[in-house]
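A.B. asks: Just a sequence and a predicted model for now, questions to come.
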Amino acid sequence: MAINFLNTVDLNFNQLRKAAIEGLAANPAAGVLGQIYYDTAVSALKICTTAQVIGGANAVWTEVGATSGVEKITIGNANVNAGGVNTGLVRTPISGTGEIVLTPAIYGGAANVGMVPTGGAANKYLDGTGAWIDVTTGDIESVNAATAANLLGINITTPLGPNPTVGLDIVGRDVLGGTPATGDQLLIYDLDTTKNKKVTVGNLVGGFETTYTIDVPAGTTNVNLKGSDGTDDPITISGFTGQTVMSRISASELRVALTPSVVVANNLTLTNGSLTQQAGTAANSLTTGLDMNTSKLIDVGAGTIATDGVNLGQVEALVAGIGLFKGGYNATTGLTVNLGAGNGSLDGTANIALDQGDFFVVTVKGGAFYTLTLEVGDMIYANQAITANSNPGIGVYTVVIQDANIAGAGASDAATEKGVAGFDSANFTVSANGWVQLKEEVLSGRMRKIALTSGTDSGGQTTFNVNLATLFGANPTPVAADCIATVKETTSSLIVYPIVTGNGTGSLDFKFIPTVSDSTYTAIISIV
C-alpha cells in the first residue's frame, strides 16, 4: 500500500534518487495539469496537458517531447536528383518534430559527386586527407649491384624481376661496408655451413684455455698448488697472528691449530654439542643480551647482590605470604577462570588453596559464591591462608562490592541488574531495590489522540483545527511550537502526510489536498 501525501511535497532542492514514475498500460481518465506517468504499452513518458472535466471529458495525455523536439532520426537509402547525379544528403531544408528522415546519396562512379570530393577518375584513390592519388602498377624487372665502398659485399643473382635474389658475398673480402672489423671482431667464411660467422678474440681464447682465480687475503704467507708434473706439493693455509692456523701434513691430512684465544667475527653455532668451560676464576663477559629461545636456565645459584639473577626457590621464598591477583571469577559457575589446570571453586569441599591476600575479580555475575549475589567488577579477597579441600566458610573471605554499574534494564525487578543512576522524581518512581518505572500520568498527560472533524473546505483543500487547551487542558495550555503530530488513516492506521502548522500559540491546523471527509484521519499529538 502506498504512503499517502495529502499536500505538496517540497524536497528543498534535494535529489530524488532511484525513483520510478508510475507505470500504467493506458491513459488514466483522471488527471491534473502537469501530472506524469509512464505508458508501458508504448514505452513513453506522458504528461497531462488537459485536466479531467468533472462530469465531462477525461484528461488528455501527451507524450513528452512529441510536440517540442526531434525524437528520432532515420538514415535512408540513396537519393538521386533530377539531373541523374547523386547529390549526397538531401539539400532541401528539413524541420519538424517527432521522427526526421535524412536520406544520403551513395557515391556512384568516376563522373559523379556526392559523399566524396570531386576529381575522382580511373587509376586514382582517395587518401585520408581527401586528396586523389595516382595508382602506379607493374613489376620489378631488374636490380643493380652496388659499387660504393660502404655497400661492398652485396651480390645479386637473377637480376630480372619480379623476384630478384640478394645475398651477402664475403668470399675474398677482408672488409665489409668499407670499414675494418672493430672490437677484436673476426669474420669467418665457413665452407661447411650456409651461414657466415662473426666471433671475437675473447671467444677464441675461452675455447682453448681454462682460467682459475684464487683470492689471497692480505697477510697470507704462502699458497702452494699441485705442479704440472702431477705430484702432490705441500700446501699451507695460514691466518693472521693469534687466529686459527690450518696446515697440510700429508696428502690426506690437514691440521688445524687453535690459538689460546679464539675470536669469532659473527655467529658461533654448535650442532649436537655443548660448550664447556673449565674451572677458573675469570667470569664470562657478555656485551649483549642472552637469548635462551624458550629454553630454561638450570642449576642457577642463589643471587647475593641487587644485580644478581635469582632461582625459582629464592623467588618463591621472597613472595610467600604476599597476596597476588589470581584472575577472574565466574559467579554463575562458581569457578575461577585464569588459573588454567588450577581453576576451581572458592567454597565447598573441593576449594583451591590460597595465600592470605590473594584476590579475584568477578567477570560474570551470579549467586554461586555462598549464594551471595555478585556483579561484574566485585572483588573477593582471601583474608587468611586457605588450605585446599578444606571446605572454608565465607568468613575467610572479604568481598568488596564495587557498585560500578551505571544502570540496568529488564522485564522485572528481580531480572534487572541495578546500578548507580539518578532520576527525576516528577516523572519516575524508584523502589528500595533500585527498580525504576515511568509514572503513568507522565505518559497520559503528554500525549493525546483525536479524530479530525469539523473540517473546512476551500480551494480544493480541507483544513482541520485542533485546540490544544481543549485536548490537553489549560493548566497550563500547551504551546503549539512544543507539539509534534502524527496523522494516520483511521480505518487502516496507514500513516499519511498532510501539512501541520501552528495556528497562533494554542492550536494546530491540519491541511489536506484534495478535500477529505470528517473522521477519515486521526491525529496523535505529543508534547515535547
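C.D. replies: Alright, I've got the coordinates.

A.B. asks: which sections of the stretch 351-500 of the chain are below the confidence cut-off?
C.D. replies: Within the stretch 351-500 of the chain, the ranges that satisfy pLDDT under 70 run 403-406, 418-419, 426, 440-445.

A.B. asks: all helices for it, in order.
C.D. replies: Using DSSP state H, counting those that start in this stretch, the helices of the stretch 351-500 of the chain run over residues 440-445, 468-472.

A.B. asks: For residue 466, name its beta-bridge partners.
C.D. replies: Note on residue 466: beta-bridge partners by DSSP bridges are residue 508.

A.B. asks: count of neighbours near it?
C.D. replies: Neighbour count of residue 466, defined by other Cβ atoms under 10 Å: 23. No exception for glycine: its C-beta is placed from N, CA and C like everyone else's.

A.B. asks: Surely it and residue 524 touch.
C.D. replies: No - using Cβ atoms under 8 Å, residue 466 is not in contact with residue 524; the gap is 11.2 Å.

A.B. asks: and residue 341, that's in a strand?
C.D. replies: No - counting by DSSP: H, G, I helix; E, B strand; the rest coil, residue 341 is not part of a strand but helix.

A.B. asks: Return the distance of it relative to residue 464.
C.D. replies: The spacing between residue 341 and residue 464, counted by Cβ to Cβ, to the nearest Å, is 76 Å.

A.B. asks: if you count what's nearby, which of these two comes out ahead?
C.D. replies: Comparing residue 341 with residue 464 by other Cβ under 10 Å, the one with more neighbours is residue 464, at 23 against 5.

A.B. asks: unless I'm mixing things up, the more buried one is touching residue 451, no?
C.D. replies: No - when contacts are counted by Cβ under 8 Å, residue 464 is not listed as touching residue 451 (9.4 Å).

A.B. asks: In which helix or strand does residue 133 reside?
C.D. replies: strand 132-134 (DSSP states H and E).

A.B. asks: Just the buried positions in the helix or strand that comes right after that strand, please.
C.D. replies: Using DSSP H and E, the helix or strand that follows strand 132-134 in sequence is strand 154-157. Across strand 154-157, burial judged by 16 or more other Cβ atoms under 10 Å covers residue 154.

A.B. asks: How about the very next helix or strand once past strand 154-157, which residues are buried there?
C.D. replies: Per DSSP H and E, strand 154-157 leads on to strand 165-168 as the next helix or strand towards the C-terminus. By 16+ other Cβ under 10 Å, strand 165-168 has no buried positions at all.

A.B. asks: Sheet partners, orientation included, of strand 165-168?
C.D. replies: Taking DSSP bridges as the criterion, strand 165-168 forms sheet pairs with strand 154-157 (antiparallel).

A.B. asks: so where's the stretch 151-300 of the chain shaky on pLDDT?
C.D. replies: Along the stretch 151-300 of the chain, the model assigns pLDDT under 70 to residues 151-153, 160-162, 168-246, 251-252, 257-265, 273, 278-281.

A.B. asks: Distance of residue 368 relative to residue 379?
C.D. replies: Going from residue 368 to residue 379 by Cβ to Cβ gives 16 Å.

A.B. asks: More neighbours: which of those two?
C.D. replies: Comparing residue 368 with residue 379 by neighbour count (other Cβ under 10 Å), the higher total belongs to residue 368, at 20 against 16.

A.B. asks: Can you report how many residues neighbour the closest residue to that one other than its chain neighbours?
C.D. replies: Leaving aside its sequence neighbours, residue 368 sits nearest to residue 334 (Cβ to Cβ, 6 or more residues apart in numbering; 3.3 Å). Residue 334 sits with 17 neighbouring residues when counted by other Cβ under 10 Å.

A.B. asks: next one: residue 28
C.D. replies: 15.

A.B. asks: Ok, the one 4 residues further on next?
C.D. replies: Neighbourhood size, residue 32 [other Cβ under 10 Å]: 11.

A.B. asks: Please name the residues that touch it.
C.D. replies: By Cβ atoms under 8 Å, 6 or more residues apart in numbering, the contact set of residue 32 is 48, 51-52, 59.

A.B. asks: State the pair within these that is farthest apart.
C.D. replies: 48 and 52 (8.4 Å; Cβ to Cβ).

A.B. asks: if we can go back for a sec, pull up the per-residue confidence for the residue nearest to residue 368.
C.D. replies: On pLDDT, residue 334 comes in at 93.

A.B. asks: begin at 10 from here
C.D. replies: Let's use 10 as the start, then, which means that last one is residue 343.

A.B. asks: Quickly note the distance from it to residue 357.
C.D. replies: For residue 343, the distance to residue 357 - Cβ to Cβ - is 8 Å.

A.B. asks: what's the answer for residue 349, then?
C.D. replies: According to Cβ to Cβ, residue 349 stands 20 Å off from residue 357.

A.B. asks: before we move on, the earlier item: quick check, nearest of the contacts of residue 41 to residue 294?
C.D. replies: Among these, residue 57 lies closest to residue 294 (Cβ to Cβ), at 100.7 Å.

A.B. asks: Show me what the closest one is bridged to.
C.D. replies: For residue 57, the beta-bridge partners are residue 70 (DSSP bridges).

A.B. asks: Give me the distance between the nearest residue to residue 155 once chain neighbours are set aside and residue 436.
C.D. replies: Distance criterion Cβ to Cβ, 6+ apart; nearest residue to residue 155, sequence neighbours excluded, is residue 163 at 5.1 Å. Distance, residue 163 to residue 436, by Cβ to Cβ: 111 Å.

A.B. asks: same question, residue 370
C.D. replies: 36 Å.

A.B. asks: just residue 334 next, same as before
C.D. replies: Plainly put, residue 334 is 43 Å away from residue 436 if you go by Cβ to Cβ.

A.B. asks: Same question for residue 430.
C.D. replies: From residue 430 across to residue 436, the span is 14 Å (Cβ to Cβ).

A.B. asks: how is the chain carved up into domains?
C.D. replies: Per the record, the chain has its domains at 229-235+242-269, 327-409, 455-536, by automatic domain parsing.
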